[in-house]
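Asks: Need the 3D shape of this:
(one chain, ligands or ions: 1)
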Amino acid sequence: MQSLDVKKQFGIFPMPIVVIGTQLETKVNFMTAAWAVQVDHNPPMVGVVLSKDHLTSIHIKKTGWFSLSIPTADHVVATDYVGIHSGNETDKSSVFPIFYSRQKKAPMIEGCALSMECRLVQTLEISSDPFFIGKIETLFAKDQYLTDGKPDFSKMRPLLYCSTDGSYWQVGEHVAKAWSVGREKAVPDKD
Ligand SMILES: Cc1cc2nc3c(=O)[nH]c(=O)nc-3n(C[C@H](O)[C@H](O)[C@H](O)COP(=O)(O)O)c2cc1C
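Replies: This is a model prediction of the structure:
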């Protein structure tokens, strides 16, 4: 075993890449986030840690809404672009084709595998940055990424971010069925 520098090597990886959409009055904005996580399933809730200075954070605090879309590998250039440029200086409203739910609270991305509209239910302060927790109010999926009505990873090709090499990756091979393979052996593998 080697001891690593926790400040340089820290990171749970790979992390799923999402694009957060917000709208304040007519100002539409999108940003890339890797620090996103599912926090509950009943009700369905997601959380995302964002720097407090991002335009996205300012929008979420003011409107109480955000969208979270799962881009596919085909969206990698646009996804990286909205993660490099801030809406504080750059208009990112036309980077993606957008659509809305009927309630029109946050813009979502046409062409993404999954998009969800989230109502802010809680904000935790982590160090100086907010951890926004949103309840998923509406969920949309593109037909082409579904198999038997369920999102299909092999079709979606979601982007994963690996902090150790600062790169986008995609899901590799299927390993085993979860909640299942562990039932097959009485004694776990030693290595
Ligand atoms: C791969 C990648 C992952 C990122 N993940 C996050 C994140 O999880 N949280 C965050 O605050 N910023 C993250 N960023 C940085 C923001 O996307 C970036 O600062 C963006 O310009 C903020 O846009 P805004 O000011 O328009 O909201 C990430 C950027 C990239 C390229």
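Asks: Tell me who's in contact with the residue in the chain positioned nearest to the ligand.
Replies: Of all residues in the chain, the one sitting closest to the ligand is Gly83 (2.8 Å; Cβ to the nearest ligand atom). For glycine as for every other residue, the C-beta is placed from the backbone atoms N, C-alpha and C. Listed by Cβ atoms under 8 Å, 6 or more residues apart in numbering, the contact set of Gly83 reads Met31, Thr32, Ala33.
Asks: which of those tops the neighbour count?
Replies: Met31 (26 neighbours; other Cβ atoms under 10 Å).
Asks: Near the ligand, which residues of the protein are found?
Replies: Contacts of the chain with the ligand, taken as Cβ under 6 Å from any ligand atom, map to 29, 31-35, 49-51, 54-56, 80, 83, 85-88, 161.
Asks: Show the buried residues in these.
Replies: 29, 31-35, 49-50, 54-56, 83, 86-87, 161 (16 or more other Cβ atoms under 10 Å).
Asks: pLDDT wise, what is the residue lying closest to Ser128 once chain neighbours are set aside at?
Replies: Leaving out its chain neighbours, the residue that sits closest to Ser128 by Cβ to Cβ, 6 or more residues apart in numbering is Lys52, at 6.2 Å. Turning to Lys52, the model gives it a pLDDT of 96.
Asks: Lys52: helix or strand, and which one exactly?
Replies: Using DSSP states H and E, Lys52 sits within no helix or strand.
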